[in-house]
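Engineer: attaching a predicted model along with its sequence, questions to come.
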Amino acid sequence: MPPVLRDEIRVQQPVADLGGIGHGFGGMGAHPLNDMPASSRREQEMMTELRAMKGMIEERFGALAFMEKLQRQPAQARLTQKLLDAGFSPALVRKLVEGLPAPMTEESESHAWASNVLARNVQTAEQMPALEDQGGVFAMIGSTGVGKTTTTAKIAAAFATKYGASQLGLITLDAYRIGAHEQLRAYGRILGVPVHTAHDRASLEDLLDLLSSKKMVLIDTAGMAQRDSRTRELLDMLTHRSIQKLLVVNASAQGETIEDVMLAYKASACRGIVLSKMDEAVKLGPALDAVIRHKLKVIGVANGQRVPEDWHRLSAHALVHRALRAAVNPAYRMDADDVNLIFTARQQVQRARPTLHA
């Protein structure tokens, strides 16, 4: 059975340099080992160092064994290179490729297998009713400039077309960006829906009570960098029991940036993910990689500025197909030596041994 890509990938903590007693501890009085007798402390330090050395040796041998397997099986090597070129992380690529059935020798066969496995591990809302049919209170959250306001307008337009503007409520929390209110109000005027502004949690709760008879209420929030101290304040403001958060993620962002955003905005507590700027993404692999590892559901995708035309619900197979057909710039295309460097370099990610949905 192939590996389960959605299994947790744990990040290893860096091991302190234990070259001498107390070395690397940042001061003798700051570590619990300093409360031990000197002989016990030395034994503990030695055991810690031996465990670190054992882990490093196992990691190195595992990487070498994986590379040897790639050399013996060209289909796996080509698949590995294609997945890395598509932007998937080395940890997920290795987990996937290690489950490739041995008899596969044709490149097209191995790529079809990998595509199916990836699609089974990407959760989408394609089989669920559309947001506009479900109704409810939804807040768009995410970093600066990812398209939250435009996404809000697209969902609002889709809803108003089906159920009428009288059943729709619009709220903006964006009090930091100049012109933010005007942008959503411009969409509101087109739809015939007034836009309300909430400046704090109390005013937001008052507005939710005022709009409680509406079938759908959409909340556009302030765009903040994921490391902005105000991000936590925003999330606290949205803890009302009726609010379902949708995290809007820039599909064209780097994998590390997407990971940072998902952690900062607590993606696991969100109803789902909206992938925006699909039309700008050269590689969709990093976004799908994060979606798989965090076990998140893709509610919809935005591939342009048109309202509401550029709003779609795609299947997992469509998203994976889009990711695997990425046109890689020659300057960034990997060859066999590049692949060797990636997997023989010491990895900071510990790979679980999963069970995959076949």
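Structural biologist: Right, received. Where do you want to start? Predicted, not measured: the structure shown is a model, and the values here were computed from it. Numbering: from 1, shown residues only.
Engineer: rest of the way, CA atoms for contacts and neighbours
Structural biologist: Fine.
Engineer: pLDDT weak spots in this protein?
Structural biologist: Across the chain, the ranges flagged by pLDDT under 70 are 1-36, 54-74, 103-105, 174-181, 329-358.
Engineer: how is it partitioned into domains?
Structural biologist: Following automatic domain parsing, one gets these domains for the chain: 10-122+335-350, 127-313.
Engineer: deepest-packed of these, please.
Structural biologist: domain 127-313 (a mean of 19; mean count of other Cα atoms under 10 Å).
Engineer: distance-wise, check Lys95 relative to Glu259.
Structural biologist: 18 Å (Cα to Cα, to the nearest Å).
Engineer: all helices of this structure, in order?
Structural biologist: Under the criterion DSSP state H, helices of the chain are mapped to 38-72, 74-85, 90-97, 107-121, 131-134, 148-163, 180-191, 201-210, 230-237, 255-264, 285-293, 316-324, 336-344.
Engineer: how about those helices, which one is nearest Leu218?
Structural biologist: When those are compared by Cα to Cα, helix 148-163 sits nearest Leu218, at 6.6 Å.
Engineer: what packs against that closest one?
Structural biologist: helix 131-134, strand 136-141, strand 168-172, helix 180-191, strand 216-220, strand 311-312 (3 or more Cα pairs under 8 Å, 6 or more residues apart in numbering; DSSP states H and E).
Engineer: mind doing that once more with 7 Å?
Structural biologist: Helices and strands in packing contact with helix 148-163 are listed as helix 131-134, helix 180-191, strand 216-220; criterion 3 or more Cα pairs under 7 Å, 6 or more residues apart in numbering; DSSP states H and E.
Engineer: CA atoms only: put it into CSV for me.
Structural biologist: In CSV, the C-alpha atoms belonging to helix 148-163 read as follows (Å, rounded to 0.1, in the frame of the first residue of the first chain):
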residue,chain,number,x,y,z
LYS,A,148,-9.5,38.5,0.3
THR,A,149,-11.7,41.4,-0.7
THR,A,150,-12.0,40.2,-4.3
THR,A,151,-12.8,36.7,-3.0
THR,A,152,-15.4,38.1,-0.8
ALA,A,153,-17.0,39.9,-3.7
LYS,A,154,-16.9,36.8,-5.9
ILE,A,155,-18.7,34.7,-3.3
ALA,A,156,-21.2,37.6,-2.6
ALA,A,157,-22.0,37.9,-6.3
ALA,A,158,-22.5,34.2,-6.7
PHE,A,159,-24.9,34.2,-3.7
ALA,A,160,-26.8,37.3,-4.8
THR,A,161,-27.4,35.9,-8.2
LYS,A,162,-29.1,32.8,-6.7
TYR,A,163,-30.8,34.1,-3.6
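Engineer: let's have the helices of the chain in CSV, adding distance to Cys270.
Structural biologist: Below are those laid out as CSV (distance: least, Cα to Cα, whole Å):
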stretch, distance to Cys270
helix 38-72, 35
helix 74-85, 28
helix 90-97, 23
helix 107-121, 18
helix 131-134, 14
helix 148-163, 15
helix 180-191, 23
helix 201-210, 19
helix 230-237, 11
helix 255-264, 10
helix 285-293, 12
helix 316-324, 19
helix 336-344, 33
